[in-house]
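Colleague: A predicted structure for the sequence below; I have some questions about it.
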Amino acid sequence: MDFDLTDEQKMLKKTVRDFAEKEIKPTRAEFDENEEYPIDILRRLGEMGIMGMAVPPEYGGSGADVISYAIAIEELSKIDPSVGVAVSVHNSLGCDPIVKFGTEEQKKKWLPGLASGKEIGCFCLTEPDAGSDAAAVKGTARLEGDEYIVNARKQFISNAAGADLSLVFVMTDREKGYKGISGFLVPTDAPGFSRGKKEKKMGIHASVTMEMNYEDCRIPKENLLGEEGDGFKIALWALDAGRIGVAAQAVGIAQGALNEAIAYSKERVQFGKPISSFQAIQWMIADMATEIDAARFLVYRAAYVKDKGGKFSKEAAMAKLKASDVAVNVSRDAVQIFGGYGYMREYPVERYYRDAKITEIYEGTSEIQRLVIARALLR
Ligand code: CAA
């Protein structure tokens, strides 16, 4: 077993870290405050090959391994978790399903634009009554001649603000339950598509989250991904991959918060000494770092299993369960180390704490991750 990153992975880590430090850090608080979607940053990440990491080079991507993908998401999230999730959703839920399930025509049509970051992808599964119970979607699509007519109201959609292409899951045959769900590639300039309410969230403010509405929205029948009825399995496969991205995002949040806490503890003087000299702070920092390493190894293990081509649902769920828990605990402790200053928006740690919470919720709550893990162990 080799715990070292390859030279390419080390170089990628440095490149993304430098970009995040120089280009994202100076404006992250402003983007958070203004709830502004970082589209220009995403375009530049596209030029660096970060928006098509799993897309094969023949379709314009960088064809990177999954560990490299996790490294990139961690480095971005360490500085700004909103950018991290935008990149993760675009790659794992926007590009990956087309790479895995798309026809040659669909790959040629959509992947080059997405991989270059000139176009942004999003994933539309959640509805008002279909959250954890993803199979309960009510949206529909029916075939009329050469077109499908899609009707759906999708909510809590990450990347909605910038999306050019949505992957939408709706019922094509309600009688069949989850076997009647199909996935469609719907461009956001299709007639009948509109964006709805912009959500006001606790954290990840710059990852603008909106409703997406499809009203008699007409798309060519070639935009069906896979076969009719394949949608639920496509969605769950994509979410397995997406969970590695969210887990990497959570590790990034925790590491970012720890870095801030270490730096502050060395500068902050109380009782005549830097607070880093007190054992209470030292033990907190030691526990935070140990937990982050444990979470990171689970992320790399899940990425490794996916890279090998094996089934990785359980490993991805374990990584997300652990990493999201670590992100919440470590960012809370970072606020504690900052004391009163930590509670102020002028300092970055309260933002990490707000941003961390969603990692326990989206792409499957911690309870759903436990369900996935338990089912894998008990079947
Ligand atoms: N991959 C492929 N197929 C899978 C699968 C997987 N990981 N897990 C299950 N399946 C298949 C099963 O084999 C079964 O098919 P067969 O009958 O042919 O064997 C079928 O799917 C149904 O499986 P279940 O009976 O297990 O389905 P369920 O309804 O009981 O449970 C669930 C499924 C795990 C609870 C699932 O609904 C789930 O993951 N829910 C959470 C939804 C979620 O993560 N939403 C996130 C929204 S997107 C988002 O958050 C993005 C963002 O903004 C950042």
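Modeller: On my side now, so go ahead.

Colleague: CA atoms for contacts and neighbours, from now on please.
Modeller: Noted.

Colleague: Can you get me a residue count around the closest residue to residue 155 other than its chain neighbours?
Modeller: Closest residue in space to residue 155, ignoring its immediate chain neighbours: residue 211 at 4.3 Å, by C-alpha to C-alpha, 6 or more residues apart in numbering. The number of residues packed near residue 211 is 21, by other C-alpha atoms under 10 Å.

Colleague: element containing residue 211?
Modeller: Using DSSP states H and E, residue 211 sits in strand 209-220.

Colleague: Show me how far that strand is from its chain's centre.
Modeller: In terms of C-alpha atoms, centre = their mean, to the nearest Å, the centre of strand 209-220 is found 22 Å from the chain centre.

Colleague: packing partners for that strand?
Modeller: Counting by 3 or more C-alpha pairs under 8 Å, 6 or more residues apart in numbering; DSSP states H and E, the packing neighbours recorded for strand 209-220 are strand 147-158, strand 193-198.

Colleague: deepest of the ones you listed, which one?
Modeller: strand 147-158 (a mean of 23; mean count of other C-alpha atoms under 10 Å).

Colleague: if we can go back for a sec, partners of the strand holding residue 211, with directions?
Modeller: strand 147-158 (antiparallel), strand 193-198 (antiparallel) (DSSP bridges).

Colleague: In the helix or strand hosting residue 260, which of the residues would be classed as buried?
Modeller: For residue 260, the element it lies in under DSSP H and E is helix 231-267. Going by neighbour count (16 or more other C-alpha atoms under 10 Å), the buried part of helix 231-267 is 231-232, 234-235, 237-262, 264-265.

Colleague: Of the helices and strands packed on strand 209-220, which is nearest the ligand?
Modeller: Of all the helices and strands packed on strand 209-220, it is strand 147-158 that lies closest to the ligand, at 4.4 Å by C-alpha to the nearest ligand atom.

Colleague: coming back round to it: need the contact partners of the strand holding residue 211.
Modeller: The contact list for strand 209-220 (C-alpha atoms under 8 Å, 6 or more residues apart in numbering) reads 124, 146-161, 186, 190-199.

Colleague: What residues sit buried inside stretch 45-61?
Modeller: Neighbour-count burial for stretch 45-61 flags 45-46, 48-56, 59-61 (criterion: 16+ other C-alpha under 10 Å).

Colleague: What mean pLDDT does it get?
Modeller: Mean per-residue pLDDT for stretch 45-61: 97.

Colleague: can you give me how far that stretch is from the chain middle?
Modeller: 17 Å.

Colleague: ok, residues contacting that stretch?
Modeller: For stretch 45-61, the surrounding residues in contact (C-alpha under 8 Å, 6+ apart) are 42, 62-66, 69, 72, 87, 90-91, 95-96, 99, 107-108, 111-112, 114-118.

Colleague: same thing but at 6 Å, please
Modeller: Applying C-alpha atoms under 6 Å, 6 or more residues apart in numbering, the contact partners of stretch 45-61 are 62-64, 111-112, 115-117.

Colleague: Straight-line length of it, end to end?
Modeller: Using C-alpha to C-alpha, to the nearest Å, one end of stretch 45-61 lies 12 Å from the other.

Colleague: and the ligand, which of the contacts of strand 209-220 contact it?
Modeller: 157-158 (C-alpha under 6 Å from any ligand atom).

Colleague: Report the buried residues of the particular helix or strand that has residue 374 in it.
Modeller: Per DSSP H and E: residue 374 is located in helix 366-378. By 16+ other C-alpha under 10 Å, the buried positions in helix 366-378 come out as 366, 368-370, 372-373.

Colleague: which of the residues in stretch 165-182 are buried?
Modeller: Residues 165-174, 178-182 are the ones in stretch 165-182 that count as buried (16+ other C-alpha under 10 Å).
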